[in-house]
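Novice: what's the 3D shape of this:
(one chain, ligands or ions: 1)
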Amino acid sequence: MLIAGNWKMNLKYEDILKFKDILTDLKLDNQVEMAIFPQFPLLYSAKEYLSNYNIEIGAQACSSELKGAFTGDVSVEIISDIGCKYCIVGHSERRMFHNETNGFIKKASNLLLSKNIIPIICVGESEEIKNKKNTNQFIISQINECVPDNISSNLVIAYEPLWAIGTGVIPDYEEIFNVHAVIMNELSYIENLRVIYGGSVNVENCSKIFELNNVHGALIGGSSLKFKDFLAIYKSAVKQII
Ligand code: PEP
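Specialist: Numbering: from 1, shown residues only. Model prediction:
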């Protein structure tokens, strides 16, 4: 399982130290990975302070170009030098505010894989698509357009229904199970594929989500900013493994 905290454009350097301090009592389970995704300038410090605790570090986004005149973008080379294990690609906020398309996501994922960074590709339907009962078809087309062609392992898909992100509303558990099944079926050729759920995961709903046997973890926004909640969610995932 993977419990990933997407800090988005929140928290500061001092919060990395606070996070480290509350980790002292935590025993990480080797079947449940914890990863955090702070803002770019904090990645070095996060790596330095947290790697002793076996917490993985990831970037929230990356460029689809290797290097060059792309002011403000961050290359996969730098993300790799810092020691990130993961990079989120195509988060709905990047799709919405930075025009990241499926084509962009495929290209960026290819670059990440070439540097041995595991892409966490985000997919998810809008409320309109859900209401039209077109979710499965939509997710399949996103998967086909975003996932690199020759990939055989090292991929995480985050199923994040757009209407569930930051709203406090989640799909029925059966719906999460069904969409994860669709994704796993579509990508059955990928070894060790993990499909994680994201969208309003919290302390109350996490254990029911982790009970679903095709959920391999969670991408957590708001609840990852409250460290006690984030650790409680982590512990709930560990309980599920035992
Ligand atoms: C996200 O943005 O990836 C996310 C899952 O956010 P939240 O947990 O706040 O819904």
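Novice: And the helices in this protein?
Specialist: Here the chain has its helices, by DSSP state H, at 13-22, 43-50, 76-82, 92-97, 102-114, 127-131, 135-146, 173-186, 206-211, 227-241.
Novice: what's the first one packed up against?
Specialist: The one in question is helix 13-22. helix 43-50, helix 227-241 (3 or more CB pairs under 8 Å, 6 or more residues apart in numbering; DSSP states H and E). From N, CA and C alone the C-beta is placed, and that goes for glycine too.
Novice: JSON lines for those helices, including mean neighbour count, mean pLDDT and distance to residue 149?
Specialist: Formatted as JSON lines, those follow (neighbours: other CB atoms under 10 Å; pLDDT from 0 to 100; distance: least, CB to CB, whole Å):
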{"stretch": "helix 43-50", "mean neighbour count": "19", "mean pLDDT": "96", "distance to residue 149": "29"}
{"stretch": "helix 227-241", "mean neighbour count": "18", "mean pLDDT": "95", "distance to residue 149": "32"}
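Novice: do you know which of these lies nearest the ligand?
Specialist: Each of the helices and strands packed on helix 13-22 has some distance to the ligand by CB to the nearest ligand atom; the shortest is helix 227-241, at 10.1 Å.
Novice: Is the closest one positioned near the ligand?
Specialist: No. Using CB under 6 Å from any ligand atom, helix 227-241 never reaches the ligand; the gap is at least 10.1 Å.
Novice: Let me see the contact set for the residue of the chain found nearest the ligand.
Specialist: Closest residue of the chain to the ligand, CB to the nearest ligand atom: residue 221 (2.2 Å). Residue 221 makes contact with 6, 8, 165, 166, 198 under the criterion CB atoms under 8 Å, 6 or more residues apart in numbering.
Novice: What does the pLDDT read for it?
Specialist: For residue 221, the pLDDT comes out at 98.
Novice: If you tally nearby residues, what's the number for the residue nearest to residue 80 when sequence neighbours are not counted?
Specialist: Of all residues not flanking residue 80 in the chain, residue 115 sits nearest, at 4.0 Å (CB to CB, 6 or more residues apart in numbering). Applying other CB atoms under 10 Å, we find 17 residues neighbouring residue 115.
Novice: swap in residue 119?
Specialist: 29.
Novice: my guess is it meets residue 157, correct?
Specialist: No. Counting by CB atoms under 8 Å, residue 157 is not a contact partner of residue 119; they are 9.2 Å apart.
Novice: what does the protein put close to the ligand?
Specialist: Within the chain, the positions adjacent to the ligand are 6, 160, 165-166, 198-201, 219-223 by CB under 6 Å from any ligand atom.
Novice: can you pull the contacts of the closest residue to residue 169 other than its chain neighbours?
Specialist: The spatially closest residue to residue 169, leaving aside those adjacent along the chain, is residue 200, at 6.1 Å (CB to CB, 6+ apart). By CB under 8 Å, 6+ apart, the residues touching residue 200 are 164, 165, 166, 167, 168, 169, 170, 222.
Novice: ok, the third one to residue 182 distance?
Specialist: Put plainly, it is residue 166. 24 Å (CB to CB, to the nearest Å).
Novice: Which one's more surrounded, the two?
Specialist: Set residue 166 next to residue 182 and count neighbours by other CB under 10 Å: residue 182 wins out with 19 against 14.
Novice: now the closest residue to the more buried one other than its chain neighbours: how far from residue 60?
Specialist: Distance criterion CB to CB, 6+ apart; nearest residue to residue 182, sequence neighbours excluded, is residue 136 at 5.0 Å. Distance, residue 136 to residue 60, by CB to CB: 28 Å.
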